[in-house]
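S.K.: whatever this is, show me its structure:
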Amino acid sequence: MNVSALSPLRRLVRMPGLVVALLRIIRTSDFILLRSPSHYGLVGAILVRLLGRQTITKWAGENAPYEAERIPSRLNRRIEATFPEKHCVLVYGPPKAPNQIPFIPALMSRAEIRRAQELGRSRIMARPGKFCASGGLHR
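M.R.: Below is the predicted model of the structure:
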């Protein structure tokens with residue numbers, strides 16, 4: 001990935017298309033999972049609140065403000081604290097706000113994965129759910 005001084009400008013130019021795409025997805029999704037802090041997670045957090053939708057956010061990083069924290073992360077943190085009754089946040093470590101839930105990434109054994117697959121095959125759903133996840137996937 002090429003990170004340069006032009007990266008913020010590229011994100012700004014792409015923002016209108018991102019907003020339109022996220023609005024369409026959020027309106028048609030049954031469940032919204034945000035990944036923050038990230039630029040996409042920040043936009044998603046703003047849009048779901050404007051649309052009155054419920055979310056779960058997976059906060060992937062330090063759970064408290066820190067000295068070198070970037071402005072988008074600070075803004076994302078403040079937005080995640082709004083409307084806590086409709087927006088829970090999964091965090092590493094102890095919660096620092098009422099809507100935060102301590103979360104440890106799940107690790108499953110091969111036997112547990114096989115059992116989950118068996119249970120999934122036997123489950124009958126009335127209709128398939130639609131899911132929307134906002135955030136970056138990184139290697």
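
S.K.: show me what contacts residue 74?
M.R.: residue 65 (CB atoms under 8 Å, 6 or more residues apart in numbering). Placement of C-beta: from N, CA and C, glycine included.

S.K.: just the pLDDT at it, thanks.
M.R.: pLDDT for residue 74: 93.

S.K.: tell me the helix or strand right after the helix or strand encompassing it.
M.R.: Using DSSP states H and E, the element containing residue 74 is helix 71-80. Counting by DSSP H and E, the next helix or strand C-terminal to helix 71-80 is strand 87-91.

S.K.: and residue 93, what pLDDT?
M.R.: Per the predicted model, pLDDT is 84 at residue 93.

S.K.: for it, grab phi and psi.
M.R.: Phi and psi for residue 93, reported as degrees, to the nearest 10, are phi 90, psi -170.

S.K.: what's the distance between the helix holding residue 74 and the middle of its chain?
M.R.: 13 Å (CA atoms, centre = their mean, to the nearest Å).

S.K.: same deal with stretch 19-34?
M.R.: 11 Å.

S.K.: any regions of this protein where pLDDT drops low?
M.R.: Low-confidence segments of the chain (pLDDT under 70): 1-3, 106, 128, 131-139.

S.K.: strands along that one, start to end?
M.R.: In the chain, the segments counted as strands under DSSP state E are 31-36, 55-59, 87-91, 100-102, 131-134.

S.K.: buried residues in the fourth one?
M.R.: Residues of strand 100-102 classed as buried: residue 100 (neighbour count, 16 or more other CB atoms under 10 Å).

S.K.: and that strand, what does it pack onto?
M.R.: Counting by 3 or more CB pairs under 8 Å, 6 or more residues apart in numbering; DSSP states H and E, the packing neighbours recorded for strand 100-102 are strand 87-91.

S.K.: off-centre distance for the strand it packs on?
M.R.: Worked out by CA atoms, centre = their mean, strand 87-91 lies 9 Å from the chain centre.
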